[in-house]
Structure formats: C-alpha cells, structure tokens
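1. can't give you the sequence, but here's the structure:
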C-alpha cells in the first residue's frame, strides 16, 4: 500500500502517476478538503474533484481541473439571470456537486459519497478526504480575512498572504481510513502540492501528524517549487510573504521534521548539498510532469527513492 497526500493539480498528477505505476487498488490518496465551500446551494470540493477526475482519466488536460470537453450551459444561464458566474463549473461538474450535496443532506458522510462517486468513475483505489468534518481555509491579507476561494479565484491570488487559518480544525478529526492507510503503508508520498494550503491542512488535521510521525514507512516529499517558481498556483507568492525561502530548499525546511527525503528538479541540483545539511536525502530528477507516461516515470522514480530510504533508514 502506498499513500499519497495531495491537493490541487500537482497533487492529482502525482497521484495519477502513482496509480499507473502500482497494481490496481494499491494507492490510497488522502486529499485536502479545507478549500471546500458552498455555491448555488451545492457543496463544492475542488481538490477532491480534481484528484477524482484525474485518477478517472477524464480531467481537462489543459487546465488540469474540471472534466475534459465539458460545456458551461448551466453557468451561462446563471449569468443570464444576473448572477456573477465567478467560479467556473462545467455541466458535468454540476452533476458531481448535485449528487454529492443530495447525499450529504441525506446523512451520508463526505468520505462515503466520495467513494461512491469515484467508484462510479472507475477509480481503482480509495480517495479519502482528510476528514469528514467541515474545515475552511481562511487567508489573512492587507484587505482583511478572506475565504480561500474568494482569495484564490475571485481575487485571482492578487493579495499578499499575511497568515493562514484553518477554521474548524480544532473540532475536526483525521479520517480513520486515512490513518489506517498510513499505518499500513510501505511508503508515503507528499505530492508537489502547495505546502501551505494544500498539504498544510492535511498535516494540521488532528491525528494526522501523529500517525505520520509514528509510521514505519519512509515519507518522501516532491517539491512544488522548481527554479524558484511554482508551476501552478500561488505557492511561491505565499512562501515569500509568509517569510519562507521560495525554493526547493525552502520546501525542504518546511518538511524537514517530517520527511526522510525530498525530490527536486534538475534545475535545482545546486541546492542538493544545502538540503542534505537540513538532514534530508535528495533525489534530483525531472519533476515537471507532462502526460501520463511522464507522470508514471516520475512516480516510479519516487517509489524507488522511497524504497532506498526504507533500506537505509535515516539515523536518529
């Protein structure tokens, strides 16, 4: 069993590569849910859906999110009624949100509904929300505290990030299936997702960090920062305004007390020695993922790296 901690497009790509490199059902993907929100009376789960669509092989190959070839007739009609369709949703996407919301209102848990939807789309392994409890990422900016999707989509990540709050986290509990998968894992991969708002909420979920600290499996992170830039999303800007080094070294420092090794891109090979001084082993390879074959190649290299760490554990 391999466990991936994922959120966003980068996390979904890594999970797809791992799924392709492993036997069916051998991957459990634990996904961030702190950017979930409600719109038009529907429960929207962007990271869960991006991972689910990607693992099902139906994600939009251009954007990395949404369904390939989807139409936006419903959203266009909403606009005709005078509402601002600021959050892009395709018609097939609406079907996901309608069924999810209906089942949640009937008393089903988010994890149960996610399992049903993913199974219907042919995803072979479990996709597990980090928690079934409601948690929300709030972003502190010079303009005030913003809900995550307001900052991320409506305001196009234009605000400096002064702080991040995970509202409701104190009352949340890590999903038991996620904890069980971590305990049984042969390797745990932290995908190249935003370390602050994609991986951060997963690690902050009560019970999750303790399970990871106690895991026998090696934990490996893949840096989402390549050549001082984020390939997608606001990770670089967030790291900078929160006082972190915008580099693979900065990411290594964030994860230094959790992971045994980190995977960085070849353009950052000059940072290898500095990262090793932080106490991590380093794999340098091509981390920018293109199509399916490239994702599988990187996943295979990450798994081999993790196995090498298991064979030669870090001295404590």
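-> Perfect, thanks for sending it. Just so it is clear, the structure is predicted and the values come from calculations on it, not from any experiment.
2. for the stretch 51-200 of the chain, which segments are assigned as helices?
-> 73-80, 91-105, 110-120, 148-149, 176-184, 199-204 (DSSP state H, counting those that start in this stretch).
3. how about the stretch 201-316 of the chain?
-> So, for the stretch 201-316 of the chain - with DSSP H, counting those that start in this stretch - the helices run 208-214, 235-241, 248-255, 272-278, 292-311.
4. and the second one, how far from the chain's centre?
-> Looking back up the chat, that one is helix 235-241. 17 Å (C-alpha atoms, centre = their mean, to the nearest Å).
5. same question, the last one
-> The chain centre lies 18 Å from the centre of helix 292-311; the measure is C-alpha atoms, centre = their mean.
6. name the helices or strands packed onto that helix?
-> In terms of contacts (3 or more C-beta pairs under 8 Å, 6 or more residues apart in numbering; DSSP states H and E), helix 292-311 is packed against helix 8-21, strand 187-190, strand 219-222, strand 261-265, strand 281-285. (Glycine included, C-beta is placed from N, CA and C.)
7. tell me the mean pLDDT for stretch 163-170?
-> Mean pLDDT, stretch 163-170: 98.
8. again, but for stretch 107-115
-> For stretch 107-115, mean pLDDT is 98.
9. report the buried residues of it.
-> Residues of stretch 107-115 classed as buried: 108, 110-111, 113-115 (neighbour count, 16 or more other C-beta atoms under 10 Å).
10. do the same with stretch 143-156
-> For stretch 143-156, by 16+ other C-beta under 10 Å, it's 146, 148-152.
11. ok, back up a step: let's have the helices and strands packed on helix 292-311 in CSV, adding mean neighbour count and mean pLDDT.
-> Output for these, formatted as CSV (neighbours: other C-beta atoms under 10 Å; pLDDT from 0 to 100):
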stretch, mean neighbour count, mean pLDDT
helix 8-21, 26, 97
strand 187-190, 27, 98
strand 219-222, 27, 98
strand 261-265, 24, 98
strand 281-285, 18, 98
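12. let me know which of the ones you listed is the nearest to residue 275.
-> Proximity to residue 275 (C-beta to C-beta) singles out strand 281-285 among the helices and strands packed on helix 292-311, at 5.1 Å.
13. tell me how far the closest one is from the chain's mean position?
-> How far strand 281-285 lies from its chain's middle: 21 Å, per C-alpha atoms, centre = their mean.
14. ok, stretch 17-34 next?
-> Between the centre of stretch 17-34 and the centre of its chain there are 11 Å (C-alpha atoms, centre = their mean).
15. deepest-packed of the helices of the stretch 201-316 of the chain, please.
-> helix 248-255 (a mean of 23; mean count of other C-beta atoms under 10 Å).
16. single out the most deeply packed of the helices of the stretch 51-200 of the chain.
-> Neighbour counts (mean count of other C-beta under 10 Å) averaged over each of those peak at helix 199-204, with a mean of 22.
17. need the contact partners of that one.
-> For helix 199-204, the surrounding residues in contact (C-beta atoms under 8 Å, 6 or more residues apart in numbering) are 5, 7, 30-34, 130, 135, 137, 164, 166, 169, 190-191, 193-194, 208-209, 212, 258.
18. now list the buried members of the residues you listed.
-> 5, 7, 30-34, 130, 135, 137, 164, 166, 169, 190-191, 193-194, 208, 212, 258.
19. confidence score at residue 315?
-> For residue 315, the predicted pLDDT is 46.
20. now residue 310
-> Model confidence at residue 310, given as pLDDT, is 86.
21. burial measure for the closest residue to it other than its chain neighbours, as a count.
-> Residue nearest to residue 310 in three dimensions, not counting chain neighbours: residue 218, with 4.9 Å by C-beta to C-beta, 6 or more residues apart in numbering. Counted with other C-beta atoms under 10 Å, the neighbours of residue 218 add up to 24.
22. for residue 280, see how far away residue 218 is.
-> For residue 218, the distance to residue 280 equals 11 Å [C-beta to C-beta, to the nearest Å].
23. OK, contacts around residue 255?
-> Counting by C-beta under 8 Å, 6+ apart, residue 255 touches 190, 195, 221, 262, 280.
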